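A.B. asks: No letters, just coordinates:
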């Protein structure tokens, strides 16, 4: 995983926005109240983008996550569980149109959905797998711990929607993390090299879900990037050890400490959460041709 092996491997990373949503302040910043209480009673809302990321690798296009399906907002039965449909309206307010579909947004940014070779799925929540049908040819990488949630009796209670994951023809590939001698990565307990050249390394970062993972992107001439999915909703919250109102707080804090230790070793490390508006602004500073979303 020598950084020299990543020379010229990655041309650019582009954010793809598959709509906006509003979530409760307690969701993002945490709360001492029981989760169901603030879900049902909170009147505090804040906007967040629903981002995926396109990595232009010399061997083809790779997506980090697949965004949200617009049908989430337009189809009243998108979630088959009645309880899930009831809670969804109290957890989020969606601002999504058919134009926000992953395939449309890829074309808007100058990409063809048929050119996507792999999709790294940070976790299986519906707002990260909603576009997989737009890239049916792509290999879908998910951690084995995350995939095993599908065998639970009621995965939908954890917002793992089998009907939108186990779609016909989907090329799911559960991955296992291998031990690594890289002192930067060893504290995470394993790693997976997406392209075999050290440019994109998957790391287990559980807490938001049991099998959540992040991806370290290393490219010559650019600072290293860490795409963290929903490990945190804002970089400053991770740095302050402030966990959100959902997930396993103990696991989250353990992963926060590992990420902060990685940044201590790589001071120029850029951390990119999937629902942080600053993620697209940060990428536009690294690649000026990248569009900013506000």
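C.D. replies: Received it, and whenever you're ready, just let me know what you need. If you're wondering where the values come from, they're calculated on a predicted model, not measured in any experiment.
A.B. asks: Show me the helices in the protein, by range?
C.D. replies: Secondary structure of the chain (DSSP state H): helices at 25-29, 35-41, 71-74, 82-91, 102-108, 126-129, 144-147, 235-239, 249-265, 278-286.
A.B. asks: Tell me which other helices or strands the second one touches.
C.D. replies: Using 3 or more C-beta pairs under 8 Å, 6 or more residues apart in numbering; DSSP states H and E as the contact definition, the elements that helix 35-41 packs against are helix 82-91. Every residue, glycine included, has its C-beta placed from N, CA and C.
A.B. asks: Next up, the contacts around residue 183.
C.D. replies: residue 265 (C-beta atoms under 8 Å, 6 or more residues apart in numbering).
A.B. asks: From residue 157, how far off is it?
C.D. replies: Going from residue 183 to residue 157 by C-beta to C-beta, to the nearest Å gives 39 Å.
A.B. asks: Which residue comes closest to residue 249 once chain neighbours are left out?
C.D. replies: Nearest residue to residue 249, sequence neighbours excluded (C-beta to C-beta, 6 or more residues apart in numbering): residue 243, at 4.8 Å.
A.B. asks: so what pLDDT did that neighbour get?
C.D. replies: Per-residue pLDDT puts residue 243 at 97.
A.B. asks: give me the number of residues near residue 121?
C.D. replies: Residues lying near residue 121 (other C-beta atoms under 10 Å) number 27.
A.B. asks: all numbers from here: first residue = 16
C.D. replies: With 16 as the first residue, the last one maps to residue 136.
A.B. asks: give me the number of residues near residue 80?
C.D. replies: 29.
A.B. asks: OK, contacts around it?
C.D. replies: Neighbouring residues of residue 80 by C-beta under 8 Å, 6+ apart: 66, 67, 68, 134, 135, 136, 137, 143, 144, 244, 289.
A.B. asks: from those residues, which is closest to residue 228?
C.D. replies: Residue 228 lies nearest to residue 137 out of those, by C-beta to C-beta, at 5.9 Å.
A.B. asks: which non-adjacent residue is nearest that closest one?
C.D. replies: Leaving aside its chain neighbours, residue 137 sits nearest to residue 244 (3.0 Å; criterion: C-beta to C-beta, 6+ apart).
A.B. asks: Residue 227 versus that neighbour, what's the distance?
C.D. replies: Distance, residue 244 to residue 227, by C-beta to C-beta: 6 Å.
A.B. asks: Show me whatever sits in contact with both of those two.
C.D. replies: Common contacts of residue 244 and residue 227, defined by C-beta under 8 Å, 6+ apart, comprise 137, 138, 220.
A.B. asks: May I ask which of those residues has the most neighbours?
C.D. replies: Neighbour counts for those peak at residue 137, which has 31 neighbours (criterion: other C-beta under 10 Å).
A.B. asks: Got the confidence number for that residue?
C.D. replies: 98.
A.B. asks: Backbone dihedrals for it, both of them.
C.D. replies: phi -60, psi -40 (degrees, to the nearest 10).
A.B. asks: Adding mean pLDDT, write the helices of the chain out as CSV.
C.D. replies: Shown next, in CSV, are these (pLDDT from 0 to 100):
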stretch, mean pLDDT
helix 40-44, 94
helix 50-56, 92
helix 86-89, 90
helix 97-106, 89
helix 117-123, 97
helix 141-144, 96
helix 159-162, 98
helix 250-254, 97
helix 264-280, 98
helix 293-301, 90
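A.B. asks: All good on my end, thank you.
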